[in-house]
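Take a look and give me a structure for this.
(one chain, ligands or ions: 1)
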Amino acid sequence: MSDEKGIVIKTEDGSEAVIGGTLDSKVTEEYNDSEIQVLEGLEAVRKRPGMYIASTSSKGLHHLVWEIVDNGIDEAMAGYASTVTVTIDENNAVTVEDDGRGMPTGKNSKTGKSTIETIFTVLHAGGKFGGGAYKYSGGLHGVGASVVNALSSWLEVHVYHDGKEYYLRFENGGHPVGELKEIGTCDESKHGSVVKFLADPTIFTETTVYDHEIIRDRLRQLAFLNKGIRLVFNDERQEDDKKKHYDFYFEGGLKQYIEYLNKSKTVVHQDVIYAEGYEKDIQVEVACQYNDGYNPAIYTFCNNINTVEGGTHLEGFNNALSRTINKYARDAKILKDKDDNLSADDCREGITAVISIKHPDPQYEGQTKTKLGNTVVRKIVSDIFGAQLERFLLENPDQGKAIVEKAMVASQARVAAKKAREATRRKSALEVSSLPGKLSDCSSKDASICEIYIVEGDSAGGSAKQGRDSHFQAILPLRGKILNVEKARQARVFDNNEIRSMITAFGCGFLEETDPSKLRYNKIVIMTDADVDGAHIRILLLTFFYRYMRSIIEQGHVYIAQPPLYKAQKGNTVRYAYTEQQMERIREELGDRISTQRYKGLGEMNAEQLWETTMDPKNRTLIRVNIDDAEKADEYFSIFMGDEVEPRKNYIIENAKFAELDI
Ligand code: 1YM
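Numbering: from 1, shown residues only. Coordinates of the predicted model:
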């Protein structure tokens, strides 16, 4: 725990911690007053929290929880703890508890302080501004318990072991209140650590309220990623009637994760393919299963962190998948000598996969430092997964055949799709000068101010065309329901007139060639009736954008118009209500003898009303569509567009949020 020079301590993960200074400070020969140094260190965190937790928005707030949870999970992964419990109380104070050994309660010889005080007041030296990784778990957010302490109004630690209870409290951003004390006894069998803290509202100025779903979903995910570890969540806030208590425990790990991810999909073979292994200190776990969809959903993790940019573990998986399937298909004579090999994309069609590795020294690359770079991982994953996939195929020939046949159909479809894509590409290149006939374009050519309204039906399209400001607003009416791209192969998608019109009008290309900078309109606004059919068309359009032009959603170009539900009139006063609650309020304000009209569709509004309520930037409310969680989005589209009815019903009942208000 100490070093000959200065005040360096080794932390639980073997990395070094340095007292005082900023994170990258070097150890100097002497510290006269370690306490001042410590507080300066914590003060540095408070001055520039963004350098330690990436942001002080809601995201940064949640990082505090993950930091402490990671420490509990480390203790569980080391085999000492079985359960980590997170509780949020009605004041948004968070308690994280584990049943491990309990943090060491002795003194640190160099600091002269208790080890616990040291853990919570000394910055880790290894973590580079939240971007580096020095911890076996955690990694990206492994910035240390001291950072959580620095950013809390108060923080309390309880430790239980050998029949004793120890306690230490910190206030005002990490100042210890007295010393670590033995405050009582406990059952000899009780052991573990409890950390309770309140995020400092002067740091987290945006919000100090935790999002129930973010905490719940991440704890569930951590339980899937760490089989045999129990993660409990108690939300004691009185917000709504949401379920408040969760107990996540998955003996089957990733196998159960795949079952969970595929729950609203139709699988093409019965058993989840599962592989695990260990080589050179690197632990590998992979699970996958095919469904009847066309899109792969592959999630990769390193040390429990979602490596969204992929990396060497994903490459190893992809290599093994196509190599093994091709070999099996040839050996089993399903693929004939004259046939070409199945491509990597063919082998991935409709697969749901999770790849999780644990690495003592991960290297991250890429724009967001979420791409795994360690090259040895490629072969290790490929070997471990390849061998166990091969064994699965040989032992389960029926399932093997179903998988190969799916890839072969994908291969044939890919050839047809390529032709259709090329035809569409040629067409849209030719059509730049001849935009779709149904499009009423705007006169401005400045894309940054232009908007296109995708409108359901010709009659609403007519009103929109008359009501718009033709300088910057274009109207594209769609006839009837557009194609459900979730259930159609590419060749049919590109054959669809409505889809072709949109591709040509937008001008941004599609699939891997999508280029939002080429969009002819800054805002694409979906304007449909406020009824079930309207909602359906909206989802179909979003599905198309999501699967064929995802980056225009990611970059915030897609919006949903909000037409009013009611018009209320009393004498000359006309008011519009966009929600039932608003209507209630208007009724109260205007009193009785008002006439109300409920709009069933856009067609019931004349051009002027449509402009005033839904299209005029001064009055309208647009909802910006965002996707910040690929897993959620994928689930969402499968539920709404897939075959299974039950999940769709449940989803609508739960009424989850997909879009965010943007005024
Ligand atoms: C609610 C959060 O932090 N649990 C926890 C932390 C530690 C230990 C056990 C622990 C580790 C070791 C030995 C060791 C920590 N210890 C340290 C340090 N839960 C939570 N549970 N004994 C106990 O790694 O050798 C840092 S964290 F540095 F003191 F070893």
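
What about the residue of the stretch 151-300 of the chain found nearest the ligand, how many residues nearby?
In the stretch 151-300 of the chain, the residue that lies nearest the ligand is Ser193 (3.8 Å; Cβ to the nearest ligand atom). Placement of C-beta: from N, CA and C, glycine included. If you count neighbours by other Cβ atoms under 10 Å, Ser193 ends up with 25.

just checking, it touches Thr105?
No. Judged on Cβ atoms under 8 Å, Ser193 makes no contact with Thr105 at a distance of 10.2 Å.

shared neighbours, these two?
Common neighbours of Ser193 and Thr105 are listed as Val159 (criterion: Cβ atoms under 8 Å, 6 or more residues apart in numbering).

In three-state terms, label Tyr109 for me.
Let me fix one detail, which is that residue 109 is Ser and not Tyr. coil (DSSP: H, G, I helix; E, B strand; the rest coil).

what pairs with Phe248 across the strands?
Beta-bridge pairing for Phe248 (DSSP bridges): Leu231.

Can you read off the pLDDT for whichever residue of the stretch 251-400 of the chain sits closest to the ligand?
Residue of the stretch 251-400 of the chain nearest the ligand, by Cβ to the nearest ligand atom: Pro360 (14.1 Å). Predicted confidence (pLDDT) for Pro360: 92.

Look up phi and psi at the residue nearest to Thr205 when sequence neighbours are not counted.
In this structure, Thr205 finds its nearest non-sequential neighbour in Thr56, 6.8 Å apart by Cβ to Cβ, 6 or more residues apart in numbering. Per-residue torsions, Thr56: phi -110, psi 20 (degrees, to the nearest 10).

which ones are touching Thr56?
Going by Cβ under 8 Å, 6+ apart, the list of residues near Thr56 reads Pro49, Gly50, Ile203, Phe204, Thr205, Glu206.

now it: how far from the ligand?
According to Cβ to the nearest ligand atom, to the nearest Å, Thr56 stands 22 Å off from the ligand.

what's the answer for Val148, then?
When Val148 is compared with the ligand (using Cβ to the nearest ligand atom), they lie 10 Å apart.

Assess the claim that that residue and Val69 are in contact.
No. Between Val148 and Val69 there is no contact under Cβ under 8 Å: 10.6 Å.

Tell me, please, where in this protein the pLDDT is lower than the cut-off.
1-37, 39, 124-143, 239-243, 427-434, 480-481, 628-634, 636-663 (pLDDT under 70).

Please spell out which residue in it sits farthest from the middle.
The centre of the chain is farthest from one residue, Gly571, which by Cα atoms, centre = their mean lies 50.2 Å away.

those helices in the stretch 201-350 of the chain, which residues are they?
212-225, 254-261, 312-331, 344-348 (DSSP state H, counting those that start in this stretch).

okay, the ones you listed in a markdown table with mean neighbour count and distance to the ligand next?
Below are the helices of the stretch 201-350 of the chain laid out as a markdown table (neighbours: other Cβ atoms under 10 Å; distance: least, Cβ to the nearest ligand atom, whole Å):
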| stretch | mean neighbour count | distance to the ligand |
| --- | --- | --- |
| helix 212-225 | 19 | 14 |
| helix 254-261 | 21 | 24 |
| helix 312-331 | 21 | 26 |
| helix 344-348 | 20 | 39 |
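
As CSV, the ones you listed with distance to Ala44 would be great.
Below are the helices of the stretch 201-350 of the chain laid out as CSV (distance: least, Cβ to Cβ, whole Å):
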stretch, distance to Ala44
helix 212-225, 28
helix 254-261, 39
helix 312-331, 35
helix 344-348, 46
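
Distance check, Ile475 against Thr614.
Per Cβ to Cβ, to the nearest Å, Ile475 is found 12 Å from Thr614.

Give the burial count for Pro360, as a bare number.
13.

Offset the numbering so it begins at 268, please.
Right, with 268 as the first residue, what we last looked at is Pro627.

Just the buried positions in the longest helix along the chain, please.
Determined from DSSP state H, the single longest helix within the chain is helix 664-697. Counting neighbours by 16 or more other Cβ atoms under 10 Å, one finds that the buried residues in helix 664-697 are 666-671, 673-675, 677-678, 680-681, 684, 687-688, 691-692, 695.

can you list contacts of the helix or strand that comes right after it?
Next helix or strand after helix 664-697 toward the C-terminus (DSSP states H and E): strand 718-723. Contacts to strand 718-723, defined as Cβ under 8 Å, 6+ apart, come from residues 709, 728, 731, 735, 739-745, 769, 772-773, 787-796, 800-801, 804, 808, 828, 869, 882.

Throw together a PyMOL command that grabs the buried residues out of these.
To isolate the buried subset of the contacts of strand 718-723 in PyMOL, counting by 16+ other Cβ under 10 Å, use the following:
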select buried, resi 709+728+731+735+739+740+741+742+743+744+745+769+772+773+787+788+789+790+791+792+793+794+795+796+801+804+808+828+869+882
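
which ones among the contacts of strand 718-723 are found in strands?
Members of those lying in strands (criterion: DSSP state E): Gln740, Ala741, Ile742, Leu743, Pro744, Leu745, Lys790, Ile791, Val792, Ile793, Met794, Ala828.

Surely the last one is in contact with Val792?
Yes. Taking Cβ under 8 Å as the contact criterion, Ala828 and Val792 are neighbours in contact, 5.1 Å apart.

so what sits against both of those two?
Shared contacts of Ala828 and Val792 (Cβ under 8 Å, 6+ apart): Tyr720, Leu889.

Write out the residues of this structure neighbouring the ligand.
For the chain, the contact set with the ligand under Cβ under 6 Å from any ligand atom comprises 278-279, 335, 338-339, 342, 363-365, 367-368, 370-371, 382, 386, 460, 462.

Report the buried members of those.
The neighbour count (16+ other Cβ under 10 Å) marks 278, 335, 338-339, 342, 363-365, 367-368, 370-371, 382, 386, 460, 462 as buried among the residues of the chain next to the ligand.

contacting residues around Glu543?
Contacts for Glu543 (Cβ under 8 Å, 6+ apart) come out as Gln550, Val551, Glu552, Val553, Ile651, Gln655.

what's across from it in the sheet?
Beta-bridge pairing of Glu543 under DSSP bridges involves Glu552.

Distance-wise, check it relative to Ile819.
Glu543 sits 39 Å away from Ile819, going by Cβ to Cβ.

Check Asn839 too.
43 Å.

From Thr475, how far out is Val415?
Distance from Val415 to Thr475, by Cβ to Cβ: 13 Å.

more crowded one of these two?
Between Val415 and Thr475, counting by other Cβ under 10 Å, Val415 is the more crowded of the two (27 against 19).

Work out for me the element the more buried one sits within.
Val415 belongs to helix 412-417 when elements are defined using DSSP H and E.

Listing partners with orientation, what would you give for the helix or strand just after that helix?
Moving toward the C-terminus from helix 412-417, the next helix or strand (DSSP H and E) is strand 419-428. Its sheet considered, strand 419-428 pairs with strand 431-438 (antiparallel), strand 459-466 (antiparallel) by DSSP bridges.

Comparing those strands, which comes out most buried?
strand 459-466 (a mean of 22; mean count of other Cβ atoms under 10 Å).

and Arg887, which of the three is it?
coil.

The closest residue in space to it that isn't next to it in sequence: what's it in contact with?
With sequence-adjacent residues excluded and distances taken as Cβ to Cβ, 6+ apart, Arg887 is closest to Thr881, at 5.5 Å. Thr881 is in contact with Met794, Ala828, Gln829, Pro830, Pro831, Leu869, Met872, Arg887, counting by Cβ under 8 Å, 6+ apart.

How many residues are close by Thr863?
So Thr863, with other Cβ under 10 Å, has 15 neighbours.

what bridges to it?
Under the criterion used here (DSSP bridges), Thr863 is bridged to Ala835.

if I look at it, how far off is Pro831?
11 Å.

what's the answer for Glu576, then?
Glu576 sits 43 Å away from Pro831, taking Cβ to Cβ as the criterion.
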